[in-house]
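[1] Could you look at this predicted model? Sequence included:
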Amino acid sequence: MRVLAFEVAPIHNADAQTLHGFLTLDRPSIHPVARAVAQIANPAPYGLIGLGLIAIALLARRVRVAAAVAVVLLGTAVTTDYILKPLLAAPRFAEVLGPVQIPEKSFPSGHATASMALALCAVLVAPPRWRPFVAALGAAFAVAVSYSFLSLDWHYPRDVLGGYLVAAGWTALAVAALRYAEVRWPARSGREAAGRVLARVQVRSFALGLACIVVAAAVLVAAVSPERALDFVRAHTIFAVGAAAIALASLAVAATLAALLRDS
């Protein structure tokens, strides 16, 4: 991902064009809202939401899950902000951005990492029957945070995908550890039979949650102006493709985790 973002000129140019499209969305009326949404992934709110997820797991007597959430939230933050950003820092000048250039230490995005980590940890904490809905809402949350800070010229879109990968990697390790612990030290529960019964219901529930998000987005576009929205997409085709890729990546990561946990 880093090589593609920094070293491959056509991809870097497409990245810059996508970011330029996001910057054109910034308006005086939208700017405060975008900043408020982006700042949900700041350290203080991130920590508070994380503590809330840990508390929910502990109240449900799921100590292993609470520990896994703590490891994921801490591990992703340290990996992105203290290891990868300094290690992978490099200038990425883009002429299309003019005077608005992204800082060298921007890959991967800490805010994208944080928002996706919170979304995936929420899926871990959620009861099995609610995981598809939580996955859909968590993906929408990560996308909202990412779109917001992109419109504020904090990162390139490729930085967002890098952050999603960090969060997905740490969550995958946590899930693997939880499953190993379950095999090595089985917990007393009768959930095995329920897992298969709920599998189809979960798939339908995730589809329903995703459909609700799509409908809400369509209603929003219709409320603003369908003609203006279509004209904007035609004028910024690369932006539209990049924005759609971020949304699909977020949904794919959250849906994959929900699918992996469907029998848990």
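    That came through, no problem. Numbers count the residues shown, from 1 in each chain.
[2] From now on I want contacts and neighbour counts done on CA atoms only, so please keep to that.
    Will do.
[3] So residue 26, which state does it fall into?
    coil (DSSP: H, G, I helix; E, B strand; the rest coil).
[4] Surely it and residue 151 touch.
    Yes - using Cα atoms under 8 Å, residue 26 is in contact with residue 151, at 5.7 Å.
[5] out of those two, which sits in the busier spot?
    residue 151 (23 against 17; other Cα atoms under 10 Å).
[6] residue contacts, the more buried one?
    Contact analysis of residue 151 by Cα atoms under 8 Å, 6 or more residues apart in numbering lists 19, 22-26, 34.
[7] Can you tell me which of those are buried?
    In the contacts of residue 151, burial by neighbour count holds for 19, 22-23, 25-26, 34, counting by 16 or more other Cα atoms under 10 Å.
[8] For residue 105, state which of these is nearest.
    Distance to residue 105 across the buried ones among the contacts of residue 151 (Cα to Cα) is lowest for residue 19, with 16.7 Å.
[9] Tell me the pLDDT of the closest one.
    pLDDT, residue 19: 84.
[10] How about the backbone phi and psi for the closest residue to it other than its chain neighbours?
    Leaving out its chain neighbours, the residue that sits closest to residue 19 by Cα to Cα, 6 or more residues apart in numbering is residue 156, at 6.0 Å. The phi/psi pair for residue 156 (degrees, to the nearest 10) reads phi -80, psi 150.
[11] do you know how far residue 156 is from residue 257?
    25 Å (Cα to Cα, to the nearest Å).
[12] Likewise for residue 73?
    Relative to residue 257, and taking Cα to Cα, residue 73 is found at 16 Å.
[13] Neighbour count: the two, which is higher?
    In terms of neighbours (other Cα under 10 Å), residue 73 is the more surrounded of residue 73 and residue 257; the figures are 24 against 21.
[14] residues in contact with the more buried one?
    Listed by Cα under 8 Å, 6+ apart, the contact set of residue 73 reads 50, 114, 117-118.
[15] Check residue 113 too.
    Going by Cα under 8 Å, 6+ apart, residue 113 touches 76-77, 80, 160, 162-167.
[16] rerun at 7 Å
    The neighbourhood of residue 113, defined by Cα atoms under 7 Å, 6 or more residues apart in numbering, consists of 76, 163-164, 166-167.
[17] ok, now residue 85?
    105-108.
[18] what does the model give the spatially closest residue to residue 162 that is not a sequence neighbour for pLDDT?
    Leaving aside its chain neighbours, residue 162 sits nearest to residue 108 (4.8 Å; criterion: Cα to Cα, 6+ apart). For residue 108, the pLDDT comes out at 92.
[19] got it, and residue 248?
    Here the pLDDT value assigned to residue 248 is 75.
[20] try residue 47
    Residue 47 is given a pLDDT of 93.
[21] neighbours around it, how many?
    When neighbours are defined as other Cα under 10 Å, residue 47 has 17 of them.
[22] same deal with the one 10 residues further on?
    Here the neighbour count serves as a burial measure; for residue 57 (other Cα under 10 Å) it reads 22.
[23] Then residue 83?
    So residue 83, with other Cα under 10 Å, has 11 neighbours.
[24] now it, what's its secondary structure?
    Under three-state DSSP, residue 83 comes out as helix.
[25] what does the one 4 residues further on give?
    Here residue 87 is helix, with the state taken from three-state DSSP.
[26] what about it, distance to residue 27?
    From residue 87 across to residue 27, the span is 34 Å (Cα to Cα).
[27] Repeat that for residue 134.
    To residue 27, residue 134 is 31 Å away according to Cα to Cα.
[28] same question, residue 112
    Distance from residue 112 to residue 27, counting by Cα to Cα: 22 Å.
[29] Since that was my last question, I'll sign off now.
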